[in-house]
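J.: Pasted the sequence and its predicted model underneath.
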Amino acid sequence: MQKRLQKIIAQAGIASRRTAETLIREGHVWLNGRIVTQLGTKADPDIDEIRVDGKRIAPEPRNIYIMLHKPRGYITTLRDPEGRPIVTELVSSISERIFPVGRLDYDSEGLLLLTNDGAFSQRVLHPSFAVPRSYRVKIAGHITDEQWRALANGLDLADGPFQPVSISLEKSNKKSSWLNVILVQGRTREIRRAFHTLGHRVSRLIRIGYGNLELGTLPIEKWRYLTNDEVRNLLKMSRG
């Protein structure tokens, strides 16, 4: 986006806007190899080469916010000593360094956020803001009435209680059940451990929602940028 040169110089921390105007008038500023002395001159710091006394002004880093449909068999760290696939391999076309916001374990799939904005990541992950995460969970067998009551009251796990915001039956057959689970916690393998205590193995776990975001029809292994409205709404939600 084009801006006045004095504003670009000021935002880069080189000088105040008024001092930047003096630098321009006195011929200290170069734009794409030519001296610029007119104060109304505009440039795009992401495209144009701007120098002040020979020192180039670096482009402003852009913040990136991505939703990825993570498949099973990928880990959500930036490297793995075991050599397993990592999620950033699925967004290798992005040149900037990005990292996952939170985690989905190796065997889980679904909506995963990635960004290069550390402040954004901390905001949406902070437990005090209780941003809801929605999951579809396939378990072996069926939940009994007694187990439904136990889930409603909360299960005691080694690192704290498992207390879903809501849990409901989506569908079932003779051998398995699909459940919808909404949590505000984000502890390691929390859902799998909770159902294991009830004697049910989790065979699939898909995150389908994160705050105001929904996985929707995004194909597996594909990704898209979040819209500005989606980012703003998620930050607004994380303010509590």
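T.: Yep, it's here.

J.: Please report phi then psi for the residue nearest the centre of the chain.
T.: Geometric centre of the chain, nearest residue: residue 113, 2.8 Å, by Cα atoms, centre = their mean. With angles defined as degrees, to the nearest 10, residue 113 sits at phi -90, psi 140.

J.: residue contacts, the residue of the chain positioned farthest from its centre?
T.: Using Cα atoms, centre = their mean, the residue of the chain lying farthest from its centre is residue 26. It sits 45.3 Å away. When contacts are counted by Cβ atoms under 8 Å, 6 or more residues apart in numbering, residue 26 touches residue 37. In short, each C-beta sits where N, CA and C put it, glycine included.

J.: With residue 32 as the reference, measure out to it.
T.: In this structure, residue 26 and residue 32 are 19 Å apart, going by Cβ to Cβ, to the nearest Å.

J.: coming back round to it: and the nearest residue to the residue nearest to the centre of the chain once chain neighbours are set aside, how many neighbours?
T.: Nearest residue to residue 113 in three dimensions, chain neighbours excluded: residue 101, at 3.9 Å (Cβ to Cβ, 6 or more residues apart in numbering). When counting by other Cβ atoms under 10 Å, one arrives at 22 neighbours for residue 101.

J.: now do the one 10 residues further on
T.: Taking other Cβ under 10 Å as the neighbour definition, residue 111 ends up with a count of 23.

J.: ok, now residue 96?
T.: 11.

J.: before we move on, back to that, what does the residue nearest to residue 113 show for phi and psi?
T.: Dihedral angles (degrees, to the nearest 10) for residue 101: phi -90, psi 100.

J.: Would you mind splitting the protein into its domains for me?
T.: 3-56, 63-127+219-240, 132-210 (automatic domain parsing).
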